[in-house]
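**Student:** need the 3D shape of this:
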Amino acid sequence: MAVSVQQFIKLANFYNQTAMLMSAICVQKGGIALENYVGRFWGADVLEYVVEYGRRLIAQEKNLSPEIVALVNRFAAQFERVRDLVTPTQKPIYEMTLEEFEKIMNI
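**Tutor:** Sure, this is the predicted structure:
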């Protein structure tokens, strides 16, 4: 996948919708705290991917809008708070080839 601003915006929207859905699930399950929701690990993995994609976009694009840079920085700050929830692997998912990812996921 080529790194582009449009793809980053799609990923950012996906993460925002995921966070909203996770909050709604917590409310539906009786108002449990987000820290106690089992899906928080998956949310942290998604956020890690979005942050790394944004970092690569900043490194690649020369005339990137300040709004996109601010968004990447906001996601990075948010990720720092949940860094310990990320699924541990030998290699981060964003550095894996498709074959490596399929092997790990047993696809």
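**Student:** what residue is smack in the middle of this structure?
**Tutor:** For the chain, the residue nearest the mean C-alpha position is Leu47 (1.9 Å; CA atoms, centre = their mean).
**Student:** where does that one land in three-state SS?
**Tutor:** Using DSSP: H, G, I helix; E, B strand; the rest coil, the structure places Leu47 in helix.
**Student:** and the nearest residue to it once chain neighbours are set aside, how many residues sit next to it?
**Tutor:** Spatial nearest neighbour of Leu47, excluding adjacent residues (CB to CB, 6 or more residues apart in numbering): Phe79 at 5.0 Å. All C-beta spots, glycine's among them, are computed from the backbone N, C-alpha and C. As a burial measure, Phe79 scores 19 neighbours (other CB atoms under 10 Å).
**Student:** now Phe79: how far from Glu52?
**Tutor:** To Glu52, Phe79 is 9 Å away according to CB to CB, to the nearest Å.
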